[in-house]
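Undergrad: Here is my input, please return the structure:
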Amino acid sequence: MTAPDAVVYGAAELVAAPAADGRSLETYEDGAVAIVDGTVAAVGPTADVTAEYPPESANHAVDADGQAVIPGFVDPHTHALFAGDRSDEFAAKLRGKSYQDILAEGGGILRTVRAVRDADEETLLSNLLAHLDTMLAHGTTTVEVKSGYGLDTETELQMLRVIDSADAVHPVDVVPTFMGAHAVPEGWDTDDYTAAVVDEQVPAVESQGIAEFCDVFCEEGVSSVAQSRRVLEAGAAAGLTPKVHAEELAHIGGTQLAADVGAASADHLLHATGEDIDALVDAAVTPVLLPGTAFGLGAAYADATAFRDRGASVAVATDFNPNCHSHSMGFALSLACVEMGLTPAEALIAGTKHAALALDRTDGLGTLREGAPGDAVVLAAPSHVHIPYQYGTNVVDAVLKDGSVVSTPTHESYDREVQP
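TA: Predicted coordinates for the structure are as follows:
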């Protein structure tokens, strides 16, 4: 028999996956999981798993006595590749300036665009790897990262190259999304810039062959529904699966657009209606809710229970970016419970299994069932409830990626060579 990559055993609570009702968890008391060739080979009571896969035979044996074990977090919406510092804008918002006010003054996304254009590729890669280190330490094992701070063909392609380079050297799986339609660059008319995205950027991204998704900020003053549709349909023709930033600041129809084009996800959704939710459910589009964004903006939160009660597979993400500076899925799950009405079990599902659906991952990612990727998180706590409960504390004790221990409290468990 092949030696296991890892056997994690003796867990006070092992969370395998969502239960049949989709809202509670399939768990094992005194549970164990064995990972072979990067994939979950067995999960269940410790006595059963270790009889077939003795811990002493594994490359990594983890005694999780008194601890909970969960699937690795999947963060399906981030803008984690950027340069510059916008902390002063946080202070400006506290003084009463709106997101739109800051953007109109040349701040916000456009300020980050200038910083990214001024940065070299090595700096951008170093920045992203540092963010991935922090995400990994907080239990994230798969993360989506968007371009969109270039707003021209050359810089958008550079951002996607950096995302690809980070994926090659970092334990976290990095999923690349092209988002040329993130804002309208200075000096451009909206229609002219939409044409440039469709006619110039999308073909270049297709030729580069890195991006998996095409996202668009469907919002007043950025991309209208008609302009967003043009971008997403061009992306789809180039093999890029659609995603939509929808109904974040106002309701303009982005959710229905996501349903119409068969998007993998519709994200933000603060102003989504019941009719919008039904359209997403009917089209099997995953709603991705971003409570950290509402927290940072001091805005109302999306109504997660409305999505849940209509049968939607609600996902939660950090939206980590210069305007929402939190790497922690644990904090996002805390907000999902306290401000959006999810239970700790529902929030965990939203940050694992349902988050994987938002990335079109159907290989068991976000679970610890047999055949799933061997991504697991050992908590310094006896139950998954401690993730949202300890909202000011990182309760992650160790992270396994594909069966290898890649992060511990020292965060020094892997080596990487940084090359742009």
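
Undergrad: Measure how buried Gly65 is and give me the count.
TA: Residue 65: Asp, not Gly. 12 (other CB atoms under 10 Å). (Glycine included, C-beta is placed from N, CA and C.)

Undergrad: what does Phe90 give?
TA: 12.

Undergrad: In three-state terms, label it for me.
TA: Classification of Phe90 by DSSP: H, G, I helix; E, B strand; the rest coil places it in helix.

Undergrad: Then Thr50?
TA: helix.

Undergrad: Quick one: residues contacting it.
TA: Thr50 makes contact with Val7, Tyr9, Ala32, according to CB atoms under 8 Å, 6 or more residues apart in numbering.

Undergrad: In terms of helices and strands, where is Phe178?
TA: Phe178 is located in strand 173-181, with elements delineated by DSSP states H and E.

Undergrad: Output that strand in PDB, but only the C-alpha positions, please.
TA: The C-alpha trace of strand 173-181 is given here as PDB (Å, rounded to 0.1, in the frame of the first residue of the first chain):
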ATOM      1  CA  ASP A 173      -4.200  27.200  -5.200                       C
ATOM      2  CA  VAL A 174      -4.700  30.500  -7.000                       C
ATOM      3  CA  VAL A 175      -7.500  30.800  -9.500                       C
ATOM      4  CA  PRO A 176      -7.000  33.600 -12.100                       C
ATOM      5  CA  THR A 177      -9.800  35.900 -13.200                       C
ATOM      6  CA  PHE A 178      -9.600  38.600 -15.800                       C
ATOM      7  CA  MET A 179     -11.400  41.800 -14.800                       C
ATOM      8  CA  GLY A 180     -10.500  44.500 -17.300                       C
ATOM      9  CA  ALA A 181     -13.900  46.000 -16.800                       C
END
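
Undergrad: and that strand, what does it pack onto?
TA: Contact here means 3 or more CB pairs under 8 Å, 6 or more residues apart in numbering; DSSP states H and E; on that basis strand 173-181 packs against strand 140-146, helix 153-169, helix 202-208, strand 213-217, helix 225-237.

Undergrad: who does the next helix or strand after the last one pair up with?
TA: For helix 225-237, the succeeding helix or strand toward the C-terminus, using DSSP H and E, is strand 241-246. Looking at strand 241-246 with DSSP bridges, its paired strands and their directions are strand 213-217 (parallel), strand 265-268 (parallel).

Undergrad: Would you reformat those as JSON lines and include distance to Ala398 and mean neighbour count?
TA: Output for these, formatted as JSON lines (distance: least, CB to CB, whole Å; neighbours: other CB atoms under 10 Å):
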{"stretch": "strand 213-217", "distance to Ala398": "30", "mean neighbour count": "28"}
{"stretch": "strand 265-268", "distance to Ala398": "30", "mean neighbour count": "29"}
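
Undergrad: possible to save those strands as CSV with distance to Arg369 and mean pLDDT?
TA: Supplementary listing: those in CSV, determined by distance: least, CB to CB, whole Å; pLDDT from 0 to 100:
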stretch, distance to Arg369, mean pLDDT
strand 213-217, 25, 98
strand 265-268, 22, 98
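
Undergrad: What is the neighbour count of Asp164?
TA: 16.

Undergrad: The closest residue in space to it that isn't next to it in sequence is in what secondary structure piece?
TA: Counting by CB to CB, 6 or more residues apart in numbering, Ile210 is the residue found nearest to Asp164 once chain neighbours are left out, at 4.8 Å. Ile210 belongs to no helix or strand when elements are defined using DSSP H and E.

Undergrad: I'd say Ile210 and Leu160 touch.
TA: Yes: using CB atoms under 8 Å, Ile210 makes contact with Leu160 at a distance of 4.5 Å.

Undergrad: that older thread, so which of the contacts of Thr50 is the closest to Ala115?
TA: Val7 (45.5 Å; CB to CB).

Undergrad: Torsion angles phi and psi at Ala32?
TA: phi -150, psi 160 (degrees, to the nearest 10).
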